[in-house]
Every structure is written in structure tokens, then in C-alpha cells.
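**Q** using only what follows, build the 3D model:
(chains A and B)
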There are 2 protein chains.
Amino acid sequence: MKKDRTVLQRRQVLAGGGAALATIGLTLGGRSAEAAGDTPPQLPAGSGPKPLPAYVSWKDSSSLIVHSGTTIETKRGAFGTGIVTPAEQLYVRNNLPAPDASILADRDAREISIEGVKGPRRLSLRDLKRMGVETIATVLQCSGNGRGFFPAKPSGTPWQVGAAGCVIWSGVPVRWVAQALGGTAQGMLYMTGTGGEKLPEGLDPKSVVVERSVPITAMADALLAWEMNGMPIPLAHGGPLRLVVPGYTGVNNIKYIKRLSFTERETDAHIMSHGYRVSPPGTKGDPSQPSVQEMSVKSWINGPGTDGKAIAAGEVQIHGIAFGGLNAIAQVDVSMDGGKTWTQARLVGPDLGKYAWRQFVLSARMPVGTYVLASRATDTAGNVQPEHRHENAGGYNNTSWTDHAVKVNVA
Amino acid sequence: MKKDRTVLQRRQVLAGGGAALATIGLTLGGRSAEAAGDTPPQLPAGSGPKPLPAYVSWKDSSSLIVHSGTTIETKRGAFGTGIVTPAEQLYVRNNLPAPDASILADRDAREISIEGVKGPRRLSLRDLKRMGVETIATVLQCSGNGRGFFPAKPSGTPWQVGAAGCVIWSGVPVRWVAQALGGTAQGMLYMTGTGGEKLPEGLDPKSVVVERSVPITAMADALLAWEMNGMPIPLAHGGPLRLVVPGYTGVNNIKYIKRLSFTERETDAHIMSHGYRVSPPGTKGDPSQPSVQEMSVKSWINGPGTDGKAIAAGEVQIHGIAFGGLNAIAQVDVSMDGGKTWTQARLVGPDLGKYAWRQFVLSARMPVGTYVLASRATDTAGNVQPEHRHENAGGYNNTSWTDHAVKVNVA
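**A** Below is the predicted model:
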């Protein structure tokens, strides 16, 4: 039985109390860190689904799979057709535990250090809000989304499709901030963001800090954002201030950002130098391997019947989402026979821009039987979603349409 | 001090308990009804802002003004720049108390009767979901939004700007449903929706039922919607099924819809025949007067400084929203001197279509002083937001830019 949001959220508050907070384990930087972060909450055996941790107790538990206190994904069947992912359903993946909620006590007083510009300085969120406002929609997706489909079972959260969402951000364009401070210093090639999480004592900070570098060209559309989906960014999603790098995987969108630096080289923080690398199977990440950064064309089907329950025969609306990473979506094709034949789907709803996802729908007759539903997206640059995943040790960047196909029973 | 959403929502649950539910007064149809619906909750004197009623306890109380158990508006200063109004902030205005939450127990089983078509029949929400899906963004605005600016103080809720939001809906286009049932019957001129609220006993149903007619042409873009902002429609906003008539004021977007009928004439329900009429001051609504239906071009400024607190001198980003009703927004001009001089503002964020609102921003230097900030929108048909309100007894359709101007102090 489905419950009204009121009831659900009240239940969550009761269920997601202080005890759950204690279960948020400390994680370490990089890929091994992600595995460490998956320590499940300590629950009595047989107690059913894991409860939402307190810092996200306001989320809709019926839409979510709680892997651990810092890794929570959206159920495939919970994605609607409404183009924007509501905060209540949006996945959570924190490399370190979220800071204490006290950092939201006075959001406007939050400070960030801007470095690698001609006139480096500290700016408060209050200052940033006076420098300009832009609003964009982006797909936010964990680098490891789809890892659960790798047969080799790489370490890290076995995400299926739900470590992703389409989110609206408001903030100041990074390029305006850089311009206001005299422009970037000579020779800078990267934009490096540093997260404001509290670092565990007794460890080399470089081994745990969430600090990532992206090519300086990514500055063109990047924001220092204070609003998500029309409200101040929640703590779980990086509030009060988050770096948003459209088209780049989640880890590059630095939460609780405390420093934004234009640099000559990539940071040597472990999470950059060894974490999130596309490593050959059986190897460990190192700086010689490609970093997980830009997303590429991908799609999947969300309904109907993706929850494993049989659906009734007849006319159905097969729906899902598609995005291109750095490019807009041009076309989505849907197959009902595991990829033997394809039919072009219809894109529905307002187009939120090239970094957002599109909803697609295919009207189809489905007589009694078993179907393997697949979708295959093409972006405006002509890139086609690949049939097979690119094997790698970390289970990153899975865009395979066969991996994302889903079996549906029609009774 | 601002609070994290978690804390806020937990506090709301505590504050918005069962006692508040008892304060939801029964209201009557039409304009007099709206006044009756404004009966304030019974609170001890000096107890501060009214708590959120239980059925909307999941909303963000810090963003809202609670007028009564069925009339709640968004604070002007709470509107962000994120184009879509989050459900937590969205206004509530129910002509009758919301049905019992049990109607959400099995959403897909909810039935609607489709009449005035060649093959009339009852359809379940499950049936509707198989007939097609479309997603649109619309401005949802109470007919009386801005009533609080009428000096004559018409009866009804004294809404300022916040009985409005921009919302994403998913559902099946009404025209597809009509087509599937053989098309509309000969000679039908109106689309008439009937709300599924429980009617009080002992009264003529026609005097209280929420039943409204719009011209059949409005069918072109209307939806029978089951999703709002990407999730099943909450009870407070008409779930499980709501009629969405883009460009028409809130009351025409029938909640809990149980019958959709194509009719030769407008319904004679009191809320249509006498309620929501543009009546000359001092008169009562009657069927000879224009009905409150289509919205027209309007805008207002949301920040900064609209909460009455002085802001610091310097560069600021003046922001607000604009919409055209049936037409898209072409331009918004902003004045800092109460309308003597105007500067064109920049439209920001993705364009969600002609029925949605646009965010606008003007970068301006504001030295110490007092300013009267105003905005004036122009739609793509060349209609310009008027300087003055059209006086009417009910306080409807206030689009006056002078009424919506706001005084801001810069210290």
C-alpha cells in the first residue's frame, strides 16, 4: 500500500532518528574508500530495509535503496516522467560524512577561498550572491552508476541505475567570479575544487580530502551554486555551497566547497591521483590512467514493470531517461526484444538544456509474454550509446545498453 | 537562524499535529465561501505564526504564511531562482477540505467518469496511464493572488504574491482520452470538471461542489495529471488525479477529479455561476459577469530585501518571476524608482514553455537609500502588464505592477 507523503515523512522521522547517524562510517579517499564507505548500518538481522540516516530523514524512503549511511540510490521504478528529480528521491553518495548541520546555521556567512586568479581572495556566499545569478539543469550522476551490472563485482557500491538525477541549480557562474578577481593567473590549466568536509585526524589530509581537478575549459558552464531545485541546497547535497560542473560525474561537483583554485597541474590528492581512474581489470588506479570525468551518452528504461511485478497485457507507455553528458540528446530508440529490433521513442516534456536529461516514451502493445526492454540513445554529436560496457577495475562509466536492459513480464 | 531541512521538517511534524487538523473549517462554494474558509485555527493568543496543518506538515514552514488550514501562501522572500517551485514551498488553497488520505491508498485504482464523449465510460488511473504520457510546466495561481493589495479589502484570503508557483505535471493529454472514447459528442462547448471532495450533508450539492467549466478549446493542452514535480501528486495538491488546464487560474485545475464531462453549457454549480466572477465593486457575483479563468501577463520582484530587512549597499541581483498566462514572456523591465525609469532585465534559466514562468534578474548598483522596486512584463502577443489593477468586488486577477512594487531599504 502506498502512503501519502505526510505519513511517509512522519514515519521516516521516527525511523531515521539519532541511532542511524551513528552508523555513518568514515570513508577513505578514492576507490578503496568507496568500498569502505559501504559499511552497512548495524541493524538487527531480519529487520528489513535499512532506514534512512538522520541527515536525509526528510527523503522519501519508499523511493530509495539505502546501501549505507553515505550511499543511497533511487529505485528504478520510482523515477517518474517529470524531468526534474525531486530532492526527496535524489541519490546520495558522500565520500566523507557530511559536515555538521551547523554549517547551515548562517548560510550567507559561508566562505570560499578563490585562488589562482590575479586577485585571489576569500568571498562569502553573501558576496557571491551579489556577483550574479544563473540557473541550469544538469544530470548529476555518480561515476560508479551501473557498477552493479559488472559481472566482476568491482569493489564499491553496486549501483544499478539510481545513482543519478536531473537537478536544477542556481548560483553564480564561475567565469564571472574569476573575471571579477582579475581573471585566471597565467598558465593555469585546471579548475581544482576542495570539499569542506571535516578530515579525520591522524591521517595525511591528501589521502582523504575530496579535492578534484577538471580541465579549465569546464569553467565555461560551471556554477558556484547555493540553490538546488528552488531551495537552499540541503546538507546531504553539498549545501550551503557546491561546485557544479555540468557534464562531469558527481565527484567532480565538489560539495561544501571551501576552495576553488585555478592550477597548473591536477591536484595530487589521492582521490584524484589514484581514485576514480579507468584502470584495466585487476589493476589499481594510478595517475597514468584516464580520470573519470566527462559523462557520455546513456539511457535506460524506468517503467513499466521494472520492479519485477507482472503487468497486464495491452497498450503500455514505456518510459525512461536519456542524456548525452556534454551533448544534448538527438534520438532514443527502444527495443522490446533485447536489441534485435528498434523503434524510435518520443521525447516528452520541456527541454532543460544540453546538460539535462530528457524523458522518452514509446507507446506499445504488449501481449502476454516476457520482454527484454532496452533503450539506446544518440547525442547531437552522433555518438551512439554502446552495446557493451568498457571493462575497468573500478566499475566506472557503465553506459552499456545491454547492461541496462530490463526483463518485464506481461501476464 | 536558518535550519537544515531535516530539522525543520522534524519540527513541523511536532508542530503540525492532529490539533491543527481540527482547525480546517468547512468552506462554502464561491466567493463568500473563500471568506468562510479563512477561519483561523484556534490558537492561544500570542502563540506566534500558525502551524502547518497535518496534511501539509511535510512542507517547509519557514517558506510559508499559514492563513488558515486550507489557505497557505509562499513568502515573497522564499521564492528562489530555480524556475520550478518545490512542493515544500507551493501554496495551498482548497475550496473544501482535502479528502481523507485513504484515497491515496491505491492510487491506480482511482476512477474518473468521462462523459460527453461518443463512448462515455469510467476509467481508472491505471487505464489512463496506459493511454499516453505528456509532461508540461504551468503556472498554478489562485484567482485571488494579489487580493491583499486591494485597498477595499475584499472578503477572501489577502494573498500577496505567494498564491502561485511554477509546477511540472505529468499525465495523459485530455484530447487523447477524448479521442480514445470516440471524440467529444456533437455540440459540446465546455470542458467541465468535478472535484472529488466529500460534500457536507444537508446542503444542496450544487451549492458546494467544486465544479468548473472552461471553453472546450482549453482541452488542447489540458492534462489529467498524476505526477507533480516528478512524484505522485500529494493530497494537498489534488492527488491522486488532477485536471490541469494550462493558463487558467487554480480553481479551474480540478483536484481529486472524479468526473470530466464535455458539456453544451457551463455548469450551474454555485462556484461557477456566482463564485469567481469579475463583479463591479459593491456587487455580488452572478452569471452575467465574466468568469475568472485565463491568466494574463504578470510579474513581481522576489528579492533581495523584500522581507523588510535592510540590505547592504553595493552591487545586487534583483530577481523575480514573470508569466504570460496563455502566452510566453517576451521581456521584463525593472524599475528602481517606482516606475519612473525602466531597465530591461535578463531572463535566466531553462525555458519550460509558454505556460511556465520565467525567472528574471537585473544586476544593479544600489547606494544607501530607499527604493521602490517594480517589474513590468510583456508577453509575446505584445500585452504589457498594466500599471493599475482592474477593480472588482472579489479581488481577482490583480496584475498591477504598482500594486506589486516593493519598498527596499539599503543601509
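
**Q** need the helices for the stretch 51-200 of chain A, in chain order.
**A** A:125-131, A:174-180 (DSSP state H, counting those that start in this stretch).

**Q** CA atoms only for the first one, dumped as CSV, please.
**A** As requested, the backbone C-alpha atoms of helix A:125-131 are provided in CSV (Å, rounded to 0.1, in the frame of the first residue of the first chain):
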residue,chain,number,x,y,z
LEU,A,125,28.2,33.3,0.0
ARG,A,126,26.7,36.7,0.6
ASP,A,127,29.4,38.2,-1.7
LEU,A,128,28.8,35.6,-4.4
LYS,A,129,25.0,36.2,-4.4
ARG,A,130,25.8,39.8,-5.3
MET,A,131,28.0,38.9,-8.2
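
**Q** any part of it near chain B?
**A** Yes: applying Cβ under 8 Å from any Cβ of the partner chain, one finds that helix A:125-131 is in contact with chain B at A:129, A:130, A:131. C-beta here means a position set from N, CA and C on the backbone, and glycine is covered the same way.

**Q** what about the second one, how many neighbours?
**A** Neighbour count for residue A:130, taken as other Cβ atoms under 10 Å in any protein chain shown: 19.

**Q** what of residue A:152?
**A** 11.

**Q** ok, now how distant is the nearest residue to residue A:295 once chain neighbours are set aside from residue A:78?
**A** Excluding its sequence neighbours, the residue lying closest to residue A:295 (Cβ to Cβ, 6 or more residues apart in numbering or on different chains) is residue A:325, at 3.5 Å. Remark: distance between residue A:325 and residue A:78 (Cβ to Cβ, to the nearest Å) = 23 Å.

**Q** in contact with the closest residue to chain B within the stretch 251-400 of chain A: list those residues for me.
**A** Per Cβ to the nearest Cβ, residue A:349 is where the stretch 251-400 of chain A lies closest to chain B, at 3.3 Å. By Cβ atoms under 8 Å, 6 or more residues apart in numbering or on different chains, the contact set of residue A:349 is A:81, A:82, A:83, A:358, A:359, B:134, B:135, B:136, B:168, B:170.

**Q** doesn't residue A:332 make contact with the fourth one?
**A** Yep, that's residue A:358 we're talking about. Yes: counting by Cβ atoms under 8 Å, residue A:358 touches residue A:332, with 7.5 Å between them.

**Q** overlap of the contact sets of the two?
**A** Both residue A:358 and residue A:332 are contacted by A:322, A:347, under the criterion Cβ under 8 Å, 6+ apart.

**Q** which strand residues bridge the residue lying closest to residue A:116 once chain neighbours are set aside?
**A** Nearest residue to residue A:116, sequence neighbours excluded (Cβ to Cβ, 6+ apart): residue A:262, at 3.1 Å. Note on residue A:262: beta-bridge partners residue A:191, judged by DSSP bridges.

**Q** my read is residue A:354 is in a helix, agree?
**A** No: the assignment for residue A:354, made by DSSP: H, G, I helix; E, B strand; the rest coil, is coil rather than a helix.

**Q** wait, what's in contact with it?
**A** A:324, A:326, A:327, A:328, A:380.

**Q** identify the residues contacting the residue nearest to residue A:295.
**A** A:139, A:247, A:294, A:295, A:296, A:297, A:298, A:379.

**Q** 6 Å instead?
**A** Taking Cβ atoms under 6 Å, 6 or more residues apart in numbering or on different chains, we find residue A:325 in contact with A:247, A:294, A:295, A:296.

**Q** and it, how far from residue A:319?
**A** Distance of residue A:325 to residue A:319, given as Cβ to Cβ: 21 Å.

**Q** ok, back up a step: show the pLDDT at the residue nearest to residue A:295.
**A** We note a pLDDT of 97 for residue A:325 in this prediction.

**Q** and the gap between it and residue B:63?
**A** 34 Å.

**Q** quick one on the thing from earlier: report how many residues lie close to the residue nearest to residue A:116.
**A** The tally of other residues near residue A:262 (other Cβ under 10 Å) stands at 24.

**Q** so it makes contact with residue A:184?
**A** Yes: using Cβ atoms under 6 Å, residue A:262 is in contact with residue A:184, at 4.4 Å.

**Q** list the contacts for the nearest residue to residue A:165 once chain neighbours are set aside?
**A** Distances taken as Cβ to Cβ, 6+ apart place residue A:85 nearest to residue A:165, at 3.3 Å, with adjacent residues excluded. Residue A:85 sits next to A:165, A:166, B:230 when contact means Cβ under 6 Å, 6+ apart.

**Q** for residue A:85, grab phi and psi.
**A** phi -80, psi 120 (degrees, to the nearest 10).

**Q** can you tell me how far it is from residue A:357?
**A** For residue A:85, the distance to residue A:357 - Cβ to Cβ - is 9 Å.

**Q** dump the residues of helix A:125-131 next to chain B to a markdown table, plus distance to residue B:370 and pLDDT.
**A** Below are these laid out as a markdown table (distance: Cβ to Cβ, whole Å; pLDDT from 0 to 100):
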| residue | distance to residue B:370 | pLDDT |
| --- | --- | --- |
| A:129 | 21 | 98 |
| A:130 | 19 | 98 |
| A:131 | 24 | 98 |
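
**Q** got the contact list for residue A:93?
**A** With Cβ under 6 Å, 6+ apart, residue A:93 has these contacts: A:71, A:142.

**Q** let me redo that: residue A:192
**A** A:213, A:261, A:263, A:267.

**Q** one step back: want to throw the contacts of residue A:85 into TSV with neighbour count, pLDDT and distance to residue B:256?
**A** Shown next, in TSV, are the contacts of residue A:85 (neighbours: other Cβ atoms under 10 Å in any protein chain shown; pLDDT from 0 to 100; distance: Cβ to Cβ, whole Å):
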residue	neighbour count	pLDDT	distance to residue B:256
A:165	25	98	29
A:166	25	98	29
B:230	28	96	20
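
**Q** in strands, which of the residues you listed appear?
**A** A:165, A:166 (DSSP state E).
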